[in-house]
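> what's the 3D shape of this:
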Amino acid sequence: MDQTSDTQAAGVHERPDAAEARLRELLEERARLWEELHRLRAERREVAYYEALAEQMRTSVSWRVTAPLRAGKTLAGKVRRKLETRRS
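Down below sits the predicted model:
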């Protein structure tokens, strides 16, 4: 056999190995992307859940009834900070 035949024979055996290695890489990448997709979907469901929970709280009767108290507390804090800065 001449050198060209030897090189071609070696290339024939290397190609399947390279193809199998590339296939493994692609399968690993697909698995990683699949996991990432499910993680992101779970995060979005969690965000939607907490947004709905916050909306229910904001629209509840008790939240609306206590709104003046929360506003008064915020205002008192602002006044207190303003007075402390004037004293300094």
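> and the most centrally placed residue in the chain, what element?
The residue lying closest to the centre of the chain (CA atoms, centre = their mean) is L40, at 5.2 Å. Following DSSP states H and E, one finds L40 within helix 3-58.
> How far does the helix or strand of the chain with the lowest mean pLDDT sit from its chain's centre?
Every helix and strand of the chain was ranked by mean pLDDT, DSSP states H and E. The lowest is helix 3-58, at a mean of 88. Distance, stretch centre to chain centre, for helix 3-58: 16 Å (CA atoms, centre = their mean, to the nearest Å).
> Which strands and helices lie in contact with that helix?
If you count contacts as 3 or more CB pairs under 8 Å, 6 or more residues apart in numbering; DSSP states H and E, helix 3-58 packs onto no helix or strand. No exception for glycine: its C-beta is placed from N, CA and C like everyone else's.
> For the helix or strand just after that helix, list the C-alpha coordinates in CSV.
Downstream of helix 3-58, the next assigned helix or strand under DSSP H and E is helix 61-65. Provided in CSV are the C-alpha atoms of helix 61-65 (Å, rounded to 0.1, in the frame of the first residue of the first chain):
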residue,chain,number,x,y,z
VAL,A,61,-60.3,45.3,51.7
SER,A,62,-57.7,45.3,54.5
TRP,A,63,-55.0,46.8,52.2
ARG,A,64,-57.3,49.6,51.1
VAL,A,65,-58.6,50.3,54.6
